[in-house]
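Student: sequence and predicted structure below; questions after.
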Amino acid sequence: MLQLLTFLVEKLSLLSNFKLFESSWSDPEDRDRAAQRAPPPPLRRGDLLEVPRTLFTHYGIYLGDGRVAHLIPDILPVLTNDTKLISSVITNKRLILGCMFKCATVRVDTLEDFAYGSNILINRTDRLMKNPAIPNEDVAKRAEKLIGAVPYSLLWYNCEHFATYCRYGCAASKQTEKFCECLKSLIRDERSVIVTGLLGMISMVCFGMAPSTTLPTILIPFTLWMAG
């Protein structure tokens, strides 16, 4: 199962080339200006950085001297205390297991490892947040205090929550909000009832009548129908 999940993550990363899940902080005017923009200004300690990663955007806080603090799922700190091994670049398997077991670390990596070959965008969220950015040095110190193992939640505490908390004093994730809006739209779509019902019937035909197939076939479409 883990090998299958890793394979899917690696293949889905190709979709990032099509920019299907661009950061929700951006708008068309930003992208047009970016195409004509001069080289980015020098990074300052406390800057909020973002880079496209697979289907989503990854966030971190620049600490200076080519170092970035960022929150990323990782199972390894749960399994070993070997700091040298933990500090190595996180693989897809470590990341997937970290997501599954809700384990993450706020860690410091080099700018190159954080960017992972992508272009880095700086402080684009400043003009979109309700709270003003706190002084850069305070941002960096707040990020440094949070370094270490932390619980992880894709919806409630991910890398974007960490970065926005450090820079603005309030944890927010536009990507999470966008995902939840898409999920609500899907649930409200009456066609979801038909699709889940058909899938349930197919599973019953393939695997036979059993509580594990019959109950989901009835309950899931019924719940979607009530929600719609």
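Tutor: Yep, it's here.

Student: any buried residues in stretch 69-89, and which?
Tutor: By neighbour count on 16 or more other CB atoms under 10 Å, the buried set for stretch 69-89 is Ala69, His70, Leu71, Ile72, Pro73, Asp74, Ile75, Leu76, Pro77, Ile86. Heads up, the C-betas are built off the backbone N, CA and C, glycines and all.

Student: can you check stretch 53-67 too?
Tutor: Buried residues in stretch 53-67, counted by 16+ other CB under 10 Å: Arg53, Thr54, Phe56, Thr57, His58, Tyr59, Gly60, Ile61, Tyr62, Leu63, Arg67.

Student: ok, so of those residues, who is nearest Lys102?
Tutor: The closest of these to Lys102 turns out to be Phe56 (CB to CB; 17.2 Å).

Student: pLDDT score assigned to that closest one?
Tutor: As predicted, Phe56 sits at a pLDDT of 85.

Student: could you do Val9 as well?
Tutor: 45.

Student: please renumber so the chain begins at 56
Tutor: Understood, numbering begins at 56; the last thing we discussed is Val64.

Student: which residues in this protein form strands?
Tutor: Here the chain has its strands, by DSSP state E, at 103-108, 111-119, 122-128, 158-165, 176-177, 203-206.

Student: name the helices or strands packed onto the shortest one?
Tutor: Using 3 or more CB pairs under 8 Å, 6 or more residues apart in numbering; DSSP states H and E, the elements in contact with strand 176-177 are strand 103-108.

Student: got CSV for the strands of the chain, with distance to Cys225 too?
Tutor: Formatted as CSV, the strands of the chain follow (distance: least, CB to CB, whole Å):
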stretch, distance to Cys225
strand 103-108, 13
strand 111-119, 14
strand 122-128, 16
strand 158-165, 17
strand 176-177, 20
strand 203-206, 17
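
Student: identify the farthest-apart pair in the buried residues of stretch 108-122.
Tutor: The largest separation in the buried residues of stretch 108-122, counting by CB to CB, is between Thr109 and Leu118 at 24.2 Å.

Student: which parts of this structure belong to which domain?
Tutor: The chain breaks down by automatic domain parsing into domains covering 57-228, 244-282.

Student: which one of these has the poorest average confidence?
Tutor: Sorting the domains of the chain by mean pLDDT places domain 244-282 lowest, at a mean of 63.

Student: need the contact list for Ala198.
Tutor: Ile116, Leu118, Ala124, Val161, Phe217, Cys221 (CB atoms under 8 Å, 6 or more residues apart in numbering).

Student: quick check: the two most widely separated of these?
Tutor: Spatially, the most separated pair among the contacts of Ala198 is Leu118 and Phe217, at 13.4 Å (CB to CB).
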